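In: Fold the following and give me the result.
(3 chains)
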Amino acid sequence: MTSAPASAKTLTATEIASMLGGELVGDSDVQFSQVQGIKNAQANEVAFFMSTPNEMGQHPSDQDFQAMRDSTAGLLLVDANCPAPTHCHIKVDNPSLAATIMAQFWQCRRAQYAAGIHPSAVIEDGAQVAASAYIGPQCVIGKNSTVGENCVLYASVVLYDNVHLGDACVIQANTTIGADGFGYNWDGKQHQHMPQIGGVRIGRGVEIGANCCIDAGTFEPTEIGDGCIFDNQVQIGHNSKIGRFVIMCGQVGISGSACIGDGAMFAGKSGAAGHLHVGAGAKIAARAAVMSEVKPGQTVAGQPAVDIKLHQRMMAMMRRNARR
Amino acid sequence: MTSAPASAKTLTATEIASMLGGELVGDSDVQFSQVQGIKNAQANEVAFFMSTPNEMGQHPSDQDFQAMRDSTAGLLLVDANCPAPTHCHIKVDNPSLAATIMAQFWQCRRAQYAAGIHPSAVIEDGAQVAASAYIGPQCVIGKNSTVGENCVLYASVVLYDNVHLGDACVIQANTTIGADGFGYNWDGKQHQHMPQIGGVRIGRGVEIGANCCIDAGTFEPTEIGDGCIFDNQVQIGHNSKIGRFVIMCGQVGISGSACIGDGAMFAGKSGAAGHLHVGAGAKIAARAAVMSEVKPGQTVAGQPAVDIKLHQRMMAMMRRNARR
Amino acid sequence: MTSAPASAKTLTATEIASMLGGELVGDSDVQFSQVQGIKNAQANEVAFFMSTPNEMGQHPSDQDFQAMRDSTAGLLLVDANCPAPTHCHIKVDNPSLAATIMAQFWQCRRAQYAAGIHPSAVIEDGAQVAASAYIGPQCVIGKNSTVGENCVLYASVVLYDNVHLGDACVIQANTTIGADGFGYNWDGKQHQHMPQIGGVRIGRGVEIGANCCIDAGTFEPTEIGDGCIFDNQVQIGHNSKIGRFVIMCGQVGISGSACIGDGAMFAGKSGAAGHLHVGAGAKIAARAAVMSEVKPGQTVAGQPAVDIKLHQRMMAMMRRNARR
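Out: From the prediction side, this is the model:
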């Protein structure tokens, strides 16, 4: 396995504990330069372990605990409840977040991309790209579009005309932003396309996966709020208004003119029909098809999506009756 | 918000009424140059309002009516049943279609793209591109493929070899047409790929969204009929025969060798298994999984898809029994 | 219809029978140079016919048998049970596989692409491309990535950094391999992205469709085993371990850290949640949502996926009760 090269910026265990605001147990004079997985980490590397359930609700297994005890990592980041390892370790509130912070310090992929525009990229007339942004190979930036400070656009990203990215956005490869919204009127002989001139407005710190599509609005822009994170192959219809810090997992589809509240979470392959509201903090289960309003904080599941408790009763009823 | 620039081609209310064949009520000496949304339209802009239910079956709300009355648009396009606004207005059969016609006159995005081939595009040997077509940045047109008059291919569209686009087609960015169909035979040791040499044949006036895939046929071409409209991330398997004016919403998937009748409509994330027929004018509900023949004009829903009435009874039964 | 040009490499019926290890019935002095569909094949072309059910379980229809009898093909490849046609024909175990072998001999699309790197492709520093590989127009090969012997990358494929393709892989257009895995930690104010430095490791003879996404692993590579075949718009989350000869049909989605056994088969739009095991040879029905472990050889269906027999009873119960 090819490992990523170690960073030149080394830190001691004491310095790391200080950065993380954690309690250092044991000591070490090793100069650390990388975060690594717990099974592969070496003496000059940092690994993390959580003794609490992960975001899937799964508890670490006995093998996981054994892997922690057997780890050859020079430093472990653990939670306060973790049975103390014999390793030099730092107790932190959230070991996964702590590892993320250290990995961003040492291994941030984006740091590998110097600011600038790859010579194979096409920047159309009137487009404005901040000097600190990175525009990757084969990208296309349309007319009158803007790319904010410290944005990273990986290869073959296409921004149409009138697409505006706030600062610190990251767009993965082969994603399309600002394509014509899907708006047609039948004239008795054929489908007439309504011109879609509203463009797209994306906030600050938005991260969008590979091969995603975010369509231009008809008259007003399609909007994506600050801090949203979208996985691959997500599709956002025209005129949708997506709030801040919304999470969309892979292959989610949102129809046109949907309004999604701050912090809502859409699990894989879920979606929402057009022209409806999903409240702030709502949770949409994997595959759920939202066909009517979802209240703030509500969790829904199923096709069509209903409250998770009703959905669970429906599923239990089906299994029960099928066994008769 | 950056608005699209106004067109240089101005029209009076009388001229617009004449173009649309509608009844002008009130008068105005304003020179109009743009269609705009009803909340943002200004005195020299045209907006539209429908007092009847939209394509989702939703009636306009009291707020919508209020927005219409409060609009600062200089001219409204309304249906005959609409409570007459105090604005200068034109009564038409279909205000949405009327607005589309006017927007196409003034704001047609395609008009922004002069005919020609972007210098970054790659045109392989033997490909033929009509002089009036626009081929965007980073596109690839394969060997012996043809692009008809007035086609628009946005950025990074890939046509493989032997792909034929009729006149006036529009293909959004990052779409792939003519990739190898998914045809394999297991030889006891590995999957052997059947060469797919049939190419793709696309009719006149077809509009295909971003990040779509239409595969090449094995021996004969995969076919898409005149006037079809596909939203983003649609997938069409090899050897499928799609009729004319078929609508496919986002993330629809059609397996190989399907045969879809004229005017069929597939809602979001629906799909069809291979080797089966969907009749003309059939309606496939969102998420529906067509696993057997659908009759002409039939509406189906569910996974597997069944007639919409049976599906509704199944859903009602589930809710009823789950509540016991 | 534009037919693919005939190959210059002609074969007699005797030579073909010898290549396939089949029994030649009748004789012919024709020089054959192409496989073609049974309805269009001409006197110098070879067609195939299977009298047994296809992979969908569908028996050939009376019309199919008639088309076989009416075929103007100069040579037929048939199974031993097929009512003997009057044509010169060769009896083989698997006519579809036999046709594939002949089509690969004559019509292999890949043979049309000479080894080499298209001048519009971007090869980043440290990338290594085998001399026999073909890298199509507008492709991007990231730093320290490797492409094995006889690979074919169609247009606009993006390999990020640290992506490794074994020999004889075929990647269709607009596919993204090695994008940042979807790994974030909420820090109380925003989602912090965990750097994803593990890259991707793809085995030998893997074929991946158009507009697919295979994400980079966090610390260790995401792995795809030898001989896997994926259709279009497949999404594979970070750190997943996909075994050998796995089949994924269109629009399948696999979440992060999934572990899929050799020879498993995912039908269209199916998927699996993260951090779980699917046993070798398991079959996942179209649309099935795997939310818990699947045993080796088990067939599952439904959302959430359950054993196919339970699923069938659930569906039957629903129809039965809905009709009351």
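
In: Quick check: the gap between the residue nearest to the spatial centre of chain A and residue A:168.
Out: In chain A, the residue lying closest to the centroid (CA atoms, centre = their mean) is residue A:229, at 3.4 Å. Residue A:229 is 12 Å from residue A:168, where distance means CB to CB, to the nearest Å. Just so you know, the C-beta spots here come from the backbone N, C-alpha and C atoms, and that holds for glycine as well.

In: ditto for residue A:50
Out: 28 Å.

In: next one: residue A:93
Out: For residue A:93 relative to residue A:168 (CB to CB), the value is 25 Å.

In: ok, the two, which is more surrounded?
Out: A count of neighbours by other CB atoms under 10 Å in any protein chain shown puts residue A:168 above the other of residue A:93 and residue A:168, at 21 against 11.

In: Would you mind pulling the contact partners of stretch A:182-194?
Out: A:180-181, A:196, A:215, A:218, A:237-238, A:256, B:94, B:96-97, B:99-101, B:103-104, B:170, B:205, B:207, B:209, B:227, B:229, B:231-232, B:245, B:247, B:249-250 (CB atoms under 8 Å, 6 or more residues apart in numbering or on different chains).

In: my hunch is that residue A:319 is in a helix, does that hold up?
Out: Yes - counting by DSSP: H, G, I helix; E, B strand; the rest coil, residue A:319 is part of a helix.

In: if I read this right, it contacts residue C:310, doesn't it?
Out: Yes - under the criterion of CB atoms under 8 Å, residue A:319 makes contact with residue C:310 at 7.3 Å.

In: Of these two, which one has the most company?
Out: Comparing residue A:319 with residue C:310 by other CB under 10 Å, the one with more neighbours is residue C:310, at 17 against 13.

In: Nearest residue to the more buried one in space, please, no chain neighbours.
Out: residue A:322 (6.2 Å; CB to CB, 6 or more residues apart in numbering or on different chains).

In: cool, and residue A:213?
Out: residue B:232 (4.1 Å).

In: Return the residues of the stretch 151-300 of chain A in contact with chain C.
Out: Within the stretch 151-300 of chain A, the positions near chain C by CB under 8 Å from any CB of the partner chain are A:154-156, A:170, A:172-174, A:205, A:207, A:209-211, A:227, A:229, A:231-233, A:245, A:247, A:249-251, A:268-269, A:286-287.

In: Which of those fall in strands?
Out: A:170, A:207, A:229, A:247 (DSSP state E).

In: Run through the bridge partners of the second one.
Out: Read it as residue A:207. residue A:170, residue A:229 (DSSP bridges).

In: Tell me where the model's unsure across the stretch 51-200 of chain A.
Out: By pLDDT under 70, the low-scoring segments of the stretch 51-200 of chain A are A:55-56, A:109-111.

In: Those residues of it touching chain B, which are they?
Out: So far as CB under 8 Å from any CB goes, the stretch 51-200 of chain A lies against chain B at A:120, A:122, A:124, A:138, A:140, A:143-144, A:156, A:158, A:160-162, A:164, A:174-176, A:179-180, A:182-187, A:190-197, A:199.

In: Now the buried members of these.
Out: For these, a neighbour count by 16 or more other CB atoms under 10 Å in any protein chain shown gives the buried set as A:120, A:122, A:124, A:138, A:140, A:144, A:156, A:158, A:160-162, A:164, A:174-176, A:179-180, A:182-186, A:190-197, A:199.

In: So which of the residues you listed belong to helices?
Out: Judged by DSSP state H, helices contain none of those.

In: how about low-confidence regions in the stretch 201-324 of chain A?
Out: Checking the stretch 201-324 of chain A against pLDDT under 70 turns up A:324.

In: can you pull out the helices in it?
Out: With DSSP state H, counting those that start in this stretch as the criterion, the stretch 201-324 of chain A has helices at A:308-323.

In: how about the residues of it near chain B?
Out: So far as CB under 8 Å from any CB goes, the stretch 201-324 of chain A lies against chain B at A:201, A:211-213, A:215, A:218-221, A:233, A:235, A:237, A:251, A:253, A:255, A:269, A:271, A:273-275, A:289, A:291, A:303-304, A:306, A:310, A:313-314, A:316-318, A:321.

In: Please indicate which of these are buried?
Out: A:201, A:211-213, A:215, A:218-221, A:233, A:235, A:237, A:251, A:253, A:255, A:269, A:271, A:273-275, A:289, A:291, A:303-304, A:306, A:310, A:313-314, A:317-318, A:321.

In: can you pull the alpha-carbon coordinates of stretch A:197-205 into PDB?
Out: Coordinates of the C-alpha atoms in stretch A:197-205 are reproduced here as PDB (Å, rounded to 0.1, in the frame of the first residue of the first chain):
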ATOM      1  CA  ILE A 197     -31.800  32.500 -16.200                       C
ATOM      2  CA  GLY A 198     -31.600  32.600 -12.400                       C
ATOM      3  CA  GLY A 199     -28.300  31.000 -11.900                       C
ATOM      4  CA  VAL A 200     -27.100  29.400  -8.600                       C
ATOM      5  CA  ARG A 201     -25.900  31.000  -5.400                       C
ATOM      6  CA  ILE A 202     -23.800  28.800  -3.100                       C
ATOM      7  CA  GLY A 203     -22.800  29.900   0.400                       C
ATOM      8  CA  ARG A 204     -19.500  29.700   2.300                       C
ATOM      9  CA  GLY A 205     -17.700  26.500   3.100                       C
END
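
In: and chain A, what are its domains?
Out: For chain A, whose domains are defined here by automatic domain parsing, the residue ranges read A:13-107, A:115-270.

In: Adding distance to residue B:75, write these out as JSON lines.
Out: Listed next are the domains of chain A as JSON lines, based on distance: least, CB to CB, whole Å:
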{"stretch": "domain A:13-107", "distance to residue B:75": "53"}
{"stretch": "domain A:115-270", "distance to residue B:75": "15"}
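
In: Let me know which of the ones you listed is tucked in deepest.
Out: With neighbours taken as mean count of other CB atoms under 10 Å in any protein chain shown, the domains of chain A reach their highest mean count in domain A:115-270, at a mean of 24.

In: How far off centre is that domain?
Out: Put simply, domain A:115-270 sits 14 Å off its chain's centre (CA atoms, centre = their mean, to the nearest Å).

In: quick one: residue A:120 and residue A:140 touch, right?
Out: No - counting by CB under 8 Å, residue A:120 stays clear of residue A:140, with 10.3 Å between them.

In: Can I take it that residue A:37 is in a helix?
Out: No - according to three-state DSSP, residue A:37 belongs to no helix; its state is coil.

In: leaving aside the residues next to it on the chain, what's closest to it?
Out: residue C:219 is the one closest to residue A:37 (CB to CB, 6+ apart), at 3.6 Å.

In: who touches the one you found in this structure?
Out: Contacts of residue C:219 (CB under 8 Å, 6+ apart): A:35-37, A:40, C:197-198.

In: switch to 10 Å and redo it
Out: Residues in contact with residue C:219 (CB atoms under 10 Å, 6 or more residues apart in numbering or on different chains) are A:1, A:3-4, A:34-41, A:45, A:47, A:99, A:103, A:107, C:194-198, C:239.

In: now residue A:136
Out: Here residue A:136 is in contact with A:113, A:117-118, A:120-121, A:152-157, A:171-173, C:122, C:124, C:140, C:142, C:158, C:160 (CB under 10 Å, 6+ apart).

In: try 8 Å
Out: Contacts of residue A:136 by CB under 8 Å, 6+ apart are A:113, A:118, A:121, A:152-157, A:173, C:140.

In: List the contacts of residue A:202.
Out: A:163-166, A:169, A:177, A:208, A:214, A:223-224.

In: Bridge partners for the closest residue to it other than its chain neighbours, pull those for me.
Out: Using CB to CB, 6+ apart and skipping residues adjacent in sequence, the residue nearest residue A:202 is residue A:224, 4.5 Å away. Beta-bridge pairing for residue A:224 (DSSP bridges): residue A:202, residue A:242.

In: give the contact list for residue A:224.
Out: A:200-203, A:206, A:214, A:236, A:242.

In: one more time with 7 Å
Out: By CB atoms under 7 Å, 6 or more residues apart in numbering or on different chains, the contact set of residue A:224 is A:202-203, A:206, A:214, A:242.

In: Pull the most distant pair out of those residues.
Out: A:203 and A:214 (12.3 Å; CB to CB).

In: No further questions, thank you.
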